[in-house]
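>>> Next input, structure requested:
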Amino acid sequence: MADETAGEKASIVVFSGDMDKVMGAFIIANGAAAFDMDVTMFFSFWGLKAIQKGNFTGKSFFGRMLGLMNRGGAEHIGPSKFNFGGIGRWMFKTMMKKQNVIPLPDLIMKAQEQGVTFIACEMSMNVMEIGKEDLIDGVQIGGVGSYIAEASDSNFSLFI
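Next up, the predicted model:
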């Protein structure tokens, strides 16, 4: 039986910085890549948290305040509901570990190993004062045109 997905493409906009939504995006991306699909993930605004190293960002007063209040990095992302100042994040991580769910940092690494393309939105980075040096290795910087070029050739596009 021939692989029906060979040569197909998927594109995912990651706009949310919530752990559950980011995990969903990476689970779908890894699944599509496992089916030999060419996958591109475009990270914009709060979604940039998923591909940040976790250091504090920002150069101006507002940029540093945003970096302090909205620290990026897969280990710092909280759930969309019931975060309770980080207790919810800890609780969900504990529950997922108990159920052998792959942690978010491992999902990100697996996506990179499978050749998923990560594009960080340049405009969002500029607004939020996030530099290329604040992102994990292997992330490309691009504008909306980069995403549109990928999405226009994709078999499916998702906005998460």
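
>>> Pull the distance from stretch 142-160 to the chain's centre.
On the basis of C-alpha atoms, centre = their mean, to the nearest Å, stretch 142-160 sits 15 Å off its chain's mean C-alpha point.

>>> Output that stretch as PDB - backbone C-alpha positions only.
What follows is stretch 142-160, C-alpha atoms only, in PDB (Å, rounded to 0.1, in the frame of the first residue of the first chain):
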ATOM      1  CA  GLY A 142       9.800  35.400   8.800                       C
ATOM      2  CA  GLY A 143       6.800  37.500   8.200                       C
ATOM      3  CA  VAL A 144       3.200  36.600   7.400                       C
ATOM      4  CA  GLY A 145       4.300  36.100   3.800                       C
ATOM      5  CA  SER A 146       6.400  33.100   4.900                       C
ATOM      6  CA  TYR A 147       3.400  31.500   6.400                       C
ATOM      7  CA  ILE A 148       1.000  32.300   3.500                       C
ATOM      8  CA  ALA A 149       3.500  30.700   1.100                       C
ATOM      9  CA  GLU A 150       3.500  27.500   3.100                       C
ATOM     10  CA  ALA A 151      -0.300  27.600   3.900                       C
ATOM     11  CA  SER A 152      -1.300  28.100   0.300                       C
ATOM     12  CA  ASP A 153       0.400  24.800  -0.700                       C
ATOM     13  CA  SER A 154      -0.800  22.900   2.400                       C
ATOM     14  CA  ASN A 155      -3.400  20.200   2.500                       C
ATOM     15  CA  PHE A 156      -4.600  21.600   5.800                       C
ATOM     16  CA  SER A 157      -3.900  24.600   7.900                       C
ATOM     17  CA  LEU A 158      -4.700  25.100  11.600                       C
ATOM     18  CA  PHE A 159      -4.900  28.100  13.800                       C
ATOM     19  CA  ILE A 160      -4.200  27.200  17.500                       C
END
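
>>> And that stretch, what's buried?
Using 16 or more other C-beta atoms under 10 Å as the test for burial, stretch 142-160 gives 142, 146-147, 150-151, 154, 157-158, 160. C-beta: built from backbone N, CA, C; applies to glycine.

>>> Buried residues of the helix or strand bottoming out on mean pLDDT in the chain, list them for me.
Counting by mean pLDDT, DSSP states H and E, the chain has its least confident helix or strand at helix 61-69, which shows a mean of 76. Within helix 61-69, the residues scored as buried using 16+ other C-beta under 10 Å are 63, 66-67.

>>> And the helices in the chain?
19-34, 61-69, 87-98, 104-113, 122-128, 144-152 (DSSP state H).
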